[in-house]
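Asks: can't give you the sequence, but here's the structure:
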């Protein structure tokens, strides 16, 4: 709740004691605690923090969007949201009035409100609405460039009043707008106090434009060269980057559809004013001459007028009387006055033209006006000067303070009106409130025939020489009986007032002394017609457009124009009437110190602002006997948890009955009044007590809600997961069924195919079957193998297994390895291979009884070589347990060379020779050449037998190396075995080659020759 947010009191209405001391203590406490916003009901008091505060990001926007003003800590976003919400939901025009003295943060506050409105609108992302939002935001950059300046109080002070109407459609999105400007401080164009600058536009041009652009304008980026901008000696400001601001202004010009010609004309006019400040005159008899005629050429070129006409307008004045035209030359003082008046008028007219151009960019177009007619609502944003009291107060301060009097009068009247209407609606008896009604001061200034402006206008209309002193005398005569006006003539004892120079007005914010010097000239705001005709005759159409009154004939008589004071009075009356027709919201800006310090709180200065803003009086009016009021439904929703009868829901009547039950149970009935739709609480203590009780209950409620919500989330998540699993299961079954149907169609007649489906392409499996399809393919392969192998007699199955292993090891490596013939395996048991097969079988039986092997897998005559490079004829025997070596003649066992587990690999050549090496882990490999009697290639059979048995015993594949030369170990020494062809060899034989072994093949054997050469190639 805003009333008590931990740092002081968030709403001044809830203060126990309402006086200056308690008000200031609370304001200082919140400023020191980093809380720059405090409410007075629905009025936001904003203290300039003079530092960057991170409270305006998107997270904060979301926090305040669509919420009630009391739900979150005080913030300017809440005011903007309330104005937008009332406008959108109730279709009522609203306005936000931002006021405060220079440097209090009014301009920043208006920009923050604009950015918030831009952030919460156009949810549909419509391009036109986005364009309007961008134009509204970009218009600030242009208006600040030409209407803001650095003062001793503020580096970016608005030197004009601005009121912006933003049009919204029925959805609450911005569709257009209109800007009104008030009383530009054009005297700043020709004069600045020490420490101050002219308008930002001059310095942006000098420091931001390129050298080539400056050269075209006959300028140099040296401020000291130009009198109109060097008087304050403050060209460089730490907080301002004129170069980057110039780029931003140029970008904003293009966003608002300014043409290149118009942008160029604007900067040419600014440059012309800079050069105009350097025009100097010297007496020449009864007229004047220019010190530097060259400056005139530059100015005339920039304004697209002739040099001669410009010289004539500056040095003399044309008067038409009785059908005759006369030229009246100026003296030096008159020439200087005319030059300065010309400079001020040109800049003022430029600024007004820019505002009109901006309005053309943001106004509703004709087709949009017809589409949105009677559907648009408006939010008005008023950013206007605050009350000013300087050491020397002139006509500008008089107008500004009159403006604040009018706004204060409106403020009090609207607040009182709102309070009275609310009391009447709710049936609560209204209590009269004593407050200072400043209508008497407004009448002092604006009353017809009797007010100061009327007296001032009368003096300006008089024929003859009327001086400022005579004006004071006239005011003394007509206002002598007024309690809020005084002068030295009327009150001789007030020594601080100067005779015939000063007069004093007792404003609602305090007494202000005004110096009368310059009042008449500033009120007349006269500009010689010669200058108007001069600029209307310009060859630049944009310059000509700015001065339409220059088209009048010199003999044409016109009605005397309204004075500056009357124009300002009329604009203020119209502004107040406009604001009174809208639902008002207020932002009161306060400047905490003059040093722009983020920690200093100057009590005297702040109290002065509190007084002239009427904040304490506002608290008293808002309080009106009751510190707090709220709708029954919202009040019950906030505090229902502190009563057992209203928690969690009150079901024994309406909201009003529930609130009564709650307050009766808590014992607060004597401190409240019940309206028709709202409860009114008299004492802040009651509200704080309710808040404390609510705060004690909230943690338990939060834990309960968290528990229930977490349970609900988990149950919802479980149901979703269960549903997802069901969907996944059904979907998987569907995909599996679809896949098997497709597979069935492909393999429908697979048994009649020659390859039993080997060439058929399997469909892409779904994710659920990717692993299973591997098993299906394996099953198909086994089935296909069975379909092939079942044609083979069962007794031949072992040799099929050996052939498969041989194929795996030698395929694409050895051209021939005996797949086409029958593999007998135990060849030495055959009579046609071994004539002494009986002895062989006897030896086999003896070995079987001794080593307990079960079967002879392979046997053959061989020629072997050993570590001594000696070759010998032997017989090779491979059983299911190991490899044996027999004597070739007697067929007796010589030794078991190695067991199956001791075999590490097999090497052979790619040719048709019978060379093979069985590698051993014992370091002594068996290098042999098979010598079958029928010369059949049995290397493949031996490789298949050894690989198959090795896989059965060891469970892994045996390494097989096929090459023309390979490494082996004989006697634990590494040897290289090579195959070569030789003329000397009559038969295949081993031969020593140093430390290596050669296996020589005879050339006479054509088969060996062809196959070996092919293999070697």
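Replies: Nice, thanks for sending it over. Since the structure is predicted, the reported quantities are computational estimates derived from the model, not experimental observations.
Asks: which stretches of the stretch 451-600 of the chain have low pLDDT?
Replies: Counting by pLDDT under 70, the ranges of the stretch 451-600 of the chain that qualify are 463-464, 553-560.
Asks: need the strands for it, in chain order.
Replies: 485-487, 502-507, 510-515, 583-590 (DSSP state E, counting those that start in this stretch).
Asks: next one: the third one to chain centre, how far?
Replies: The chain centroid and the centroid of strand 510-515 are separated by 49 Å under CA atoms, centre = their mean, to the nearest Å.
Asks: so how far is residue 130 from residue 874?
Replies: Distance of residue 874 to residue 130, given as CB to CB, to the nearest Å: 98 Å. The C-beta positions use only the backbone N, C-alpha and C, and glycine is treated the same way.
Asks: let me fix that, I meant to ask about residue 849.
Replies: Going from residue 849 to residue 130 by CB to CB gives 103 Å.
Asks: tell me which of these two has more neighbours.
Replies: Set residue 849 next to residue 130 and count neighbours by other CB atoms under 10 Å: residue 130 wins out with 16 against 9.
Asks: and the nearest residue to that one once chain neighbours are set aside, how many residues sit next to it?
Replies: Leaving aside its sequence neighbours, residue 130 sits nearest to residue 122 (CB to CB, 6 or more residues apart in numbering; 5.8 Å). When neighbours are defined as other CB under 10 Å, residue 122 has 18 of them.
Asks: which residues touch residue 122?
Replies: Contact partners of residue 122, counting by CB atoms under 8 Å, 6 or more residues apart in numbering, are 129, 130, 133, 173, 174.
Asks: centre of the chain versus the helix or strand harbouring residue 726, how much separation?
Replies: Element membership for residue 726, per DSSP states H and E: helix 684-746. Helix 684-746 has its C-alpha centroid displaced from the chain centroid by 31 Å (CA atoms, centre = their mean).
Asks: only the buried residues of the helix or strand following that helix, if you could.
Replies: The first helix or strand that comes after helix 684-746 along the chain, using DSSP H and E, is helix 770-789. Buried positions in helix 770-789, judged by neighbour count with 16 or more other CB atoms under 10 Å: 773, 780, 784.
Asks: and helix 770-789 with helix 684-746, angle?
Replies: With axes from the mean of the first three to the mean of the last three CA atoms, to 10 degrees applied, the angle from helix 770-789 to helix 684-746 works out at 10 degrees.
Asks: quick check: residue 37 touching residue 77?
Replies: No: using CB atoms under 8 Å, residue 37 is not in contact with residue 77, being 9.2 Å away.
Asks: out of the two, which sits in the busier spot?
Replies: Set side by side, residue 37 and residue 77 show more neighbours around residue 77, with 25 against 20, by other CB under 10 Å.
Asks: can you tell me the closest non-neighbouring residue to the more buried one?
Replies: Using CB to CB, 6+ apart and skipping residues adjacent in sequence, the residue nearest residue 77 is residue 64, 4.0 Å away.
Asks: is it true that that neighbour touches residue 75?
Replies: Yes: using CB under 8 Å, residue 64 is in contact with residue 75, at 6.0 Å.
Asks: picking that back up, deepest-packed of the strands of the stretch 451-600 of the chain, please.
Replies: Highest mean neighbour count of the strands of the stretch 451-600 of the chain: strand 583-590, a mean of 24 (counted as mean count of other CB atoms under 10 Å).
Asks: so is residue 45 in a helix, a strand, or just coil?
Replies: Following DSSP: H, G, I helix; E, B strand; the rest coil, the label given to residue 45 is strand.
Asks: list the contacts of it.
Replies: Contacts were defined as CB under 8 Å, 6+ apart; by that measure residue 45 touches 12, 27, 37, 38, 39, 588, 590, 615.
Asks: need the nearest residue in space to the third one, chain neighbours excluded.
Replies: It stands for residue 37. The shortest distance from residue 37 to any non-neighbouring residue, by CB to CB, 6+ apart, is to residue 74 (4.0 Å).
Asks: quick revisit: check the secondary structure at the residue nearest to residue 130 for me.
Replies: Assigned by three-state DSSP, the conformation of residue 122 is coil.
Asks: distance of it relative to residue 167?
Replies: Using CB to CB, residue 122 is found at 14 Å from residue 167.
Asks: any residues in contact with both of those two?
Replies: Both residue 122 and residue 167 are in contact with residue 174, where contact means CB under 8 Å, 6+ apart.
Asks: what about the one helix or strand residue 349 maps to, average pLDDT?
Replies: Following DSSP H and E, one finds residue 349 within helix 332-362. The average of the pLDDT scores along helix 332-362 is 90.
Asks: go on, stretch 228-239?
Replies: What stretch 228-239 shows for mean pLDDT is 89.
Asks: now it: buried residues?
Replies: Across stretch 228-239, burial judged by 16+ other CB under 10 Å covers 228, 229, 230, 231, 232, 234, 235.
Asks: the helix or strand that residue 404 is a member of to strand 502-507, inter-axis angle?
Replies: Residue 404 belongs to helix 395-426 when elements are defined using DSSP H and E. Computed by the same axes, to 10 degrees, the angle separating helix 395-426 from strand 502-507 equals 10 degrees.
Asks: what are the phi and psi values at the residue nearest to residue 364 when sequence neighbours are not counted?
Replies: Using CB to CB, 6+ apart and skipping residues adjacent in sequence, the residue nearest residue 364 is residue 176, 3.8 Å away. Per-residue torsions, residue 176: phi 170, psi -170 (degrees, to the nearest 10).
Asks: who does residue 176 bridge with?
Replies: Beta-bridge partners for residue 176, by DSSP bridges, are residue 167.
Asks: that one against residue 131, yeah?
Replies: No: the criterion here is CB under 8 Å, and residue 176 misses it with residue 131 at 10.6 Å.
Asks: give the other helices and strands that the helix holding residue 349 contacts.
Replies: In terms of contacts (3 or more CB pairs under 8 Å, 6 or more residues apart in numbering; DSSP states H and E), helix 332-362 is packed against helix 127-147, strand 174-182, helix 260-276, strand 281-284, helix 307-315, helix 529-536, helix 541-546.
Asks: now that helix: buried residues?
Replies: 334-336, 338-351, 353-355, 357-359, 361-362.
Asks: also stretch 388-400?
Replies: The neighbour-count criterion (16+ other CB under 10 Å) identifies 388, 389, 393, 394, 395, 396, 397, 398, 399, 400 as the buried residues of stretch 388-400.
Asks: stretch 458-471 too?
Replies: 459, 460, 468, 471.
Asks: what's the offset of that stretch from the middle of its chain?
Replies: 61 Å.
Asks: how about stretch 786-797?
Replies: Centre-to-centre, stretch 786-797 and its host chain are 76 Å apart (CA atoms, centre = their mean).
Asks: ok, now stretch 19-29?
Replies: Centre-to-centre, stretch 19-29 and its host chain are 39 Å apart (CA atoms, centre = their mean).
Asks: how about stretch 290-310?
Replies: Averaging C-alpha positions (CA atoms, centre = their mean) puts stretch 290-310 51 Å from its chain's average.
Asks: that one: end-to-end distance?
Replies: Across stretch 290-310, the terminal residues are separated by 12 Å (CA to CA, to the nearest Å).
Asks: got the contact list for it?
Replies: By CB under 8 Å, 6+ apart, stretch 290-310 touches 217-218, 268-269, 271-272, 275-276, 278-282, 311, 314-315, 534-535, 537-540, 543.
Asks: next, the buried residues of that stretch.
Replies: Across stretch 290-310, burial judged by 16+ other CB under 10 Å covers 290, 295-296, 298-305, 309-310.
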